[in-house]
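[1] After the sequence you'll find the predicted model.
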Amino acid sequence: MFRPNRLKKMLQATSQPIGCWIFFSDGDSSELLSLCGFDAFIIDHEHIASDMRVLVGQLRAAQATDVTCILRVPSHDPVYIKRVLDIGVEGLLVPTVESADEARAIVAATRYRPHGGHRGVGYPECRAANWGLAELEYPANYRENLLIAVIVETRLGFENVEQIAAVEGIDMVFLGPGDLTADIADDFAALTKFGAYDNSELDRLMTEAEAIVRSSPDCWLGGISRNALGGRELFAKGYDFVTPTADAWLLSDAARSIVTEIRG
């Protein structure tokens, strides 16, 4: 679906947009949540069982509203990136980026050859260009419309975060405390409380990376929390975009809450 990227416009206006992760593999939950006030979805293809046909259904459901749909791809695979861009996702979130060279390769996978990339020409027939009805407008505007974000979530990535954030075409860096903790922790006991890790090295690395990305003139800072309080705290620290919940978390939290309230 060819349209302006509302999330990018909100970020440019420093409007503190709120996102929601989509882990379920269906369009019904996406449709419902798109009516609840979220500004953007991050649909996950890294950790859940989904496919391209399901993705099209989710996009159709959500894009009936003005919610911007970002896809977390499973890897840096340029073929996968090309396919989901042609399907019509409005941005990418690419996991485990550890160097500026990797970031540049990701940008190249999103761009056509005249713009320094190697993405195949599909706009005469793909959904992203309204099945070819926007085949002139799409190649003229796709770089402005797409939001390209990367997740920095390892010790090596944090060491290189300044260079990653400076890569032309990278719009946002997401900091991943969960995988970073897994990279620096001694055992899995340190990973049992998502969003409430007690690790001094993690705190130092996160604080340093937050300052670096915030000071980058052309890169926004994105983050994840598990609740509204955590989301407000991230915005107060200078984050530009926050995802404080997910479809699965909303359902499980509400289900456990009602059972607890009734049973006492």
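    Looks like it came in fine.
[2] low-confidence ranges in this protein?
    Under the criterion pLDDT under 70, the flagged ranges of the chain are 188-197.
[3] all helices of it, in order?
    Under the criterion DSSP state H, the chain contains helices at 6-12, 27-34, 52-62, 78-87, 100-110, 137-145, 155-159, 161-165, 177-184, 200-215, 228-236, 247-263.
[4] Just put those helices in TSV and tack on distance to residue 221 and mean neighbour count.
    C-beta coordinates here come from the backbone N, C-alpha and C atoms, glycine included. Shown next, in TSV, are the helices of the chain (distance: least, Cβ to Cβ, whole Å; neighbours: other Cβ atoms under 10 Å):
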stretch	distance to residue 221	mean neighbour count
helix 6-12	10	18
helix 27-34	24	19
helix 52-62	24	19
helix 78-87	23	18
helix 100-110	15	19
helix 137-145	20	15
helix 155-159	13	18
helix 161-165	9	22
helix 177-184	13	18
helix 200-215	4	16
helix 228-236	9	15
helix 247-263	22	11
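[5] To residue 123, which of those helices lies closest?
    For residue 123, the closest of those is helix 137-145, at 4.5 Å, according to Cβ to Cβ.
[6] How about residues contacting that closest one?
    Under the criterion Cβ atoms under 8 Å, 6 or more residues apart in numbering, residues 2-5, 8, 90, 111-112, 115, 123, 128-130, 169 lie in contact with helix 137-145.
[7] now do 10 Å
    With contact meaning Cβ atoms under 10 Å, 6 or more residues apart in numbering, helix 137-145 is reached by 2-5, 8, 68, 85, 90-91, 107, 110-112, 114-115, 117, 119, 121-124, 126, 128-130, 132, 134, 169.
[8] Would you check that residue 202 makes contact with residue 185?
    Yes: Residue 202 is within contact range of residue 185, at 8.2 Å (criterion: Cβ atoms under 10 Å).
[9] State the distance from the residue sitting nearest the centre point of the chain to residue 114.
    By Cα atoms, centre = their mean, the chain has its centre lying nearest to residue 93, at 3.9 Å. Look at residue 93 and residue 114: by Cβ to Cβ, to the nearest Å, they are 26 Å apart.
[10] Excluding chain neighbours, what is closest to residue 75?
    residue 95 (7.3 Å; Cβ to Cβ, 6 or more residues apart in numbering).
[11] wait, doesn't the one you found sit right on residue 73?
    Yes: using Cβ under 10 Å, residue 95 makes contact with residue 73 at a distance of 7.5 Å.
[12] more crowded one of the two?
    residue 73 (23 against 20; other Cβ atoms under 10 Å).
[13] residue contacts, the more buried one?
    Applying Cβ under 10 Å, 6+ apart to residue 73 gives the contacts 43-46, 80-81, 83-85, 89, 92-95, 106, 109.
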